[in-house]
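*Asks:* mind looking at a prediction? Sequence and model below.
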Amino acid sequence: MLDGFLIGLETAFSIKNLFMVIGGCIIGTFIGMLPGLGPMSIIAIMIPIAISIGDPSTALILLAGVYYGAVFGGSTSSILINAPGVASTVATSFDGYPLARKGKAGKALTIAAISSFFGGTVGAILLVFFAPTLASFALLFHSAEYFALMIVGLSAIAAFAGKGQVTKALLMTVTGLILATIGEGAQFNMPRFTMGIMDLQSGIGFITIAMAMFAIPETLFLVLDPSRSETKKNKDSEIKDLRITKKEFKEIFPVISRQSIQGFLIGVMPGAGATIASFLGYAVERNIASNEDKKMFGKGSIKGLAAPESANNAACTGSFVPLLTLGIPGSGTTAILLGALIALNVSPGPRLMIDQPDVFWSVIISMYIGNLILLALNLPLIPYIAKILTIPRTYLIPFILFFTLMGAYIGQNNATELLILIIFGVIATILRFASYPLAPLLIGFILGPMLEDNFSRATQLYDGISFIWERPMTLVMLIISLLMIILPSIKSRFSNKKSF
Amino acid sequence: MKLEKYIALILCLIFILYGYEAFFTMDELLPPILKRNPVWPSTFPKILAAFGFFISILILLNIEKNEVNTSENLDYKKVTNRSYFKVILLILGMVLYALNLRYLGFILSSFLFLSFSSFLLGERNFVKCLIVILISTISIWYLVNEVLGIYMNPYPLFLKVFI
């Protein structure tokens, strides 16, 4: 482990990779601040560039930097203009925006930056201990267990989709899995469901689906609902005053410590992710606060701001545990990162730590560097970064669409891919209108080939599906996933009856 | 019927068509030796089609009560016709961009797409807009082509004989 760690340290601290993490954080922060653009869209747009770099460590370091920057940027726009670009920063705006309205925008941004830094740092430290343990355990897994584990992951993502959303999330997951079967799979060497279209022989590119699911609907929503991209200007003096007092730091320190650990543990669970971590963090802190403090929640409480921010960042780090050790993405963002890894010929899973320790450890170390950079570089730059909010939508929307189209073209180099992107982008927009969650579709699409591969191997090995009951771990995992899907539906059914 | 049910119905029909191909036509081309395998190329799609059909029926029958409308979503009935019109034109612009990228080259097609979209969204300071777009397009082409080394044909195809 120590050898791998040292290799990772050397890789992460190379000049090129340091530039990548700095660049990623800055790009992520800038774009993440733009209303309506979340980390998923930004990473999807950045993937063709990352893949063109070629070196998996460098590419992943760049994307991890972008991810952290985007999460931090999202918090900045939540605080300054009450425009959370993504669900995970909604809880930040509960107390961040009231603080900004009280003329304490700079203070709120500092608290957010410090909380994010602590959350990310604690997350990175826990990741160092968690990941190898989980990876060594996962080495015991065979294709049957992998198949069951992927089913658990997909079910968890559907189960956490929210009340009344489980069936919709499942439908999206199946749609994603079906899209993944289009083209010539590696296993069977024959084209499937291509409808005679030559360009579909190699399947649909994951970058195309990722951008169609996130970047295009979000941008079209900015046109359909102009209020989403409206910006309310803060006075420069309010943003420039970044100081927090010793008393305030003492007040938020226990909150940050608790939420960093809780957020990380939530992030590790597939499907839970940063959104649940931030809301749960906020709710827990409000419940345990003294009556006096409780009254302040929602009106500009610094504890109410620190809780979701630290939980959110720790959960982002935690979500890398299942990705790097099991090859299972826990969220839409990590699903996109998984797609990027596969495109770079890296197979995430328990063997990653042994076969490519430089990739594994350099990513973990770069997370810590990323957090440090976000704190050291972005904090003094906040007043200047905030100027990006003044970009008029007449430039913002065309350029986002342009980068999206360009990303898909660079990835596949054919115009058919652009048309597929536009068609799926329009479909995704309609799906969003009907409140269908889109992350399960992308996760299903990315996990589809691996799921089928493991299922086929297990079936061939056992000459049928007897592996389900012959391997206890597989059976237990499949029962867990069944319960995860059925229980929320039953609960929802009961609450439905009660309401009549 | 709500929009979500229309979508479930369309997906249900897609699953039926998908399932039809998986169950009835796909295995016709399979070599006899592969038919001895316990897993065929159609095995996984058959499971998916059946499962997808089942889930879409659950949504159509409203088995799970739906009350979620997160802040990230938008009520399509509240969107103005003018906004829809703009979105349709934007999509049309993207389609034209996709179809003409090869023929017009990266710089010209990108310039036209960006100028059209900016104009459509209300930009009226033409000189400033065209200058910003031209500089950005050329800079992005330079960055992608020269710095990142990803080839993007900058000129229109019909000019290639002269260059």
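*Replies:* Here it is on my side, so go on.
*Asks:* mind jotting down where the helices sit in chain B?
*Replies:* Here chain B has its helices, by DSSP state H, at B:3-20, B:43-60, B:81-120, B:126-142.
*Asks:* all helices of the stretch 251-400 of chain A, in order?
*Replies:* A:273-288, A:291-296, A:302-318, A:320-326, A:332-343, A:352-355, A:357-373, A:379-385, A:393-412 (DSSP state H, counting those that start in this stretch).
*Asks:* hmm, back to that, out of the helices of chain B, deepest packed?
*Replies:* Among these, ranked by average contacts under mean count of other CB atoms under 10 Å in any protein chain shown, first place goes to helix B:43-60 (a mean of 20). Where C-beta positions appear, they are placed from N, C-alpha and C, glycine not excepted.
*Asks:* tilt between it and helix B:3-20?
*Replies:* Using axes from the mean of the first three to the mean of the last three CA atoms, to 10 degrees, the inter-axis angle of helix B:43-60 relative to helix B:3-20 is 150 degrees.
*Asks:* any stretches of chain B with poor pLDDT?
*Replies:* B:1, B:65-73, B:147-149, B:160-163 (pLDDT under 70).
*Asks:* next, residue B:30: phi, psi?
*Replies:* Here is the backbone geometry of residue B:30 (degrees, to the nearest 10): phi -70, psi 130.
*Asks:* go on, residue A:141?
*Replies:* According to degrees, to the nearest 10, residue A:141 has phi -70, psi 140.
*Asks:* quick check, it in contact with residue A:327.
*Replies:* No. If you go by CB atoms under 8 Å, residue A:141 and residue A:327 don't touch, sitting 10.3 Å apart.
*Asks:* for the stretch 151-300 of chain A, which residues are neighbours of chain B?
*Replies:* Neighbours of chain B within the stretch 151-300 of chain A, by CB under 8 Å from any CB of the partner chain: A:162-168, A:170-171, A:174-175, A:177-178, A:181, A:185, A:188, A:190, A:192-193, A:220-221, A:223-226.
*Asks:* coming back round to it: of all the helices of chain B, which one comes closest to residue A:247?
*Replies:* Smallest distance to residue A:247 across those (CB to CB): 47.4 Å, for helix B:126-142.
*Asks:* does that closest one come close to chain A?
*Replies:* Yes. Helix B:126-142 reaches chain A (CB under 8 Å from any CB) through B:129, B:132, B:136, B:140.
*Asks:* ok, residue A:33 to chain B distance?
*Replies:* From residue A:33 across to chain B, the span is 17 Å (CB to the nearest CB, to the nearest Å).
*Asks:* and for the nearest residue to that residue once chain neighbours are set aside, the neighbour number?
*Replies:* Among residues not flanking residue A:33 along the chain, residue A:73 sits closest, at 4.1 Å (CB to CB, 6 or more residues apart in numbering or on different chains). By other CB atoms under 10 Å in any protein chain shown, the residues close to residue A:73 number 31.
*Asks:* please verify my assumption that residue A:73 contacts residue A:26.
*Replies:* No. In this structure, residue A:73 is not within contact of residue A:26 by CB under 8 Å, at 9.7 Å.
*Asks:* distance check, the residue in the stretch 201-350 of chain A that chain B sits nearest to against residue A:396.
*Replies:* Using CB to the nearest CB, the closest approach of the stretch 201-350 of chain A to chain B is made by residue A:224 at 4.8 Å. Using CB to CB, to the nearest Å, residue A:224 is found at 15 Å from residue A:396.
*Asks:* need the contact list for the spatially closest residue to residue A:314 that is not a sequence neighbour.
*Replies:* Nearest residue to residue A:314, sequence neighbours excluded (CB to CB, 6+ apart): residue A:263, at 3.4 Å. Residue A:263 sits next to A:119, A:123, A:274, A:277-278, A:281, A:310-315, A:318 when contact means CB atoms under 8 Å, 6 or more residues apart in numbering or on different chains.
*Asks:* which of those residues has the weakest pLDDT?
*Replies:* pLDDT across these is lowest for residue A:274, at 76.
*Asks:* how about the contacts made by it?
*Replies:* A:71, A:88, A:263, A:267, A:311, A:312, A:313, A:315, A:316, A:319, A:331.
*Asks:* repeat the analysis, applying 6 Å as the threshold.
*Replies:* With contacts defined as CB atoms under 6 Å, 6 or more residues apart in numbering or on different chains, the neighbours of residue A:274 are A:88, A:312, A:315, A:316.
*Asks:* mind putting the residues you listed in CSV, distance to chain B and neighbour count included?
*Replies:* Below are the contacts of residue A:274 laid out as CSV (distance: CB to the nearest CB, whole Å; neighbours: other CB atoms under 10 Å in any protein chain shown):
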residue, distance to chain B, neighbour count
A:88, 11, 29
A:312, 16, 36
A:315, 18, 34
A:316, 18, 30
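*Asks:* just give me the closest of those to residue B:57.
*Replies:* Using CB to CB, the contacts of residue A:274 come closest to residue B:57 at residue A:88, 33.0 Å.
*Asks:* okay, the closest one: pLDDT?
*Replies:* 72.
*Asks:* for it, give me its contacts.
*Replies:* Counted by CB under 6 Å, 6+ apart, residue A:88 has contacts A:274, A:275, A:278, A:312.
*Asks:* mind redoing it with 7 Å?
*Replies:* A:71, A:274, A:275, A:278, A:312 (CB atoms under 7 Å, 6 or more residues apart in numbering or on different chains).
*Asks:* coming back round to it: which one of the helices of the stretch 251-400 of chain A is the most hemmed in?
*Replies:* Mean neighbours per residue, mean count of other CB under 10 Å, is largest over the helices of the stretch 251-400 of chain A for helix A:302-318, with a mean of 33.
*Asks:* that helix: how far from the chain's middle?
*Replies:* Relative to the chain's own centre, helix A:302-318 is displaced by 14 Å; criterion: CA atoms, centre = their mean, to the nearest Å.
*Asks:* return the list of helices and strands in contact with that helix.
*Replies:* Here helix A:302-318 is seen to pack against helix A:56-81, helix A:90-101, helix A:105-138, helix A:246-268, helix A:273-288 when contacts are counted using 3 or more CB pairs under 7 Å, 6 or more residues apart in numbering or on different chains; DSSP states H and E.
*Asks:* can I get those in a markdown table including distance to residue B:6?
*Replies:* Shown next, in a markdown table, are those (distance: least, CB to CB, whole Å):
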| stretch | distance to residue B:6 |
| --- | --- |
| helix A:56-81 | 32 |
| helix A:90-101 | 29 |
| helix A:105-138 | 41 |
| helix A:246-268 | 35 |
| helix A:273-288 | 28 |
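*Asks:* just name the most buried of those helices.
*Replies:* Mean neighbour counts for these (mean count of other CB under 10 Å) peak at helix A:56-81, with a mean of 29.
*Asks:* and that helix, how far from the chain's centre?
*Replies:* 10 Å.
*Asks:* got the contact list for residue A:126?
*Replies:* Contacts of residue A:126 (CB under 7 Å, 6+ apart): residue A:264.
*Asks:* what residues are up against residue A:118?
*Replies:* Residue A:118 touches A:256, A:260, A:310, counting by CB under 7 Å, 6+ apart.
*Asks:* okay, it: pLDDT?
*Replies:* For residue A:118, pLDDT reads 88.
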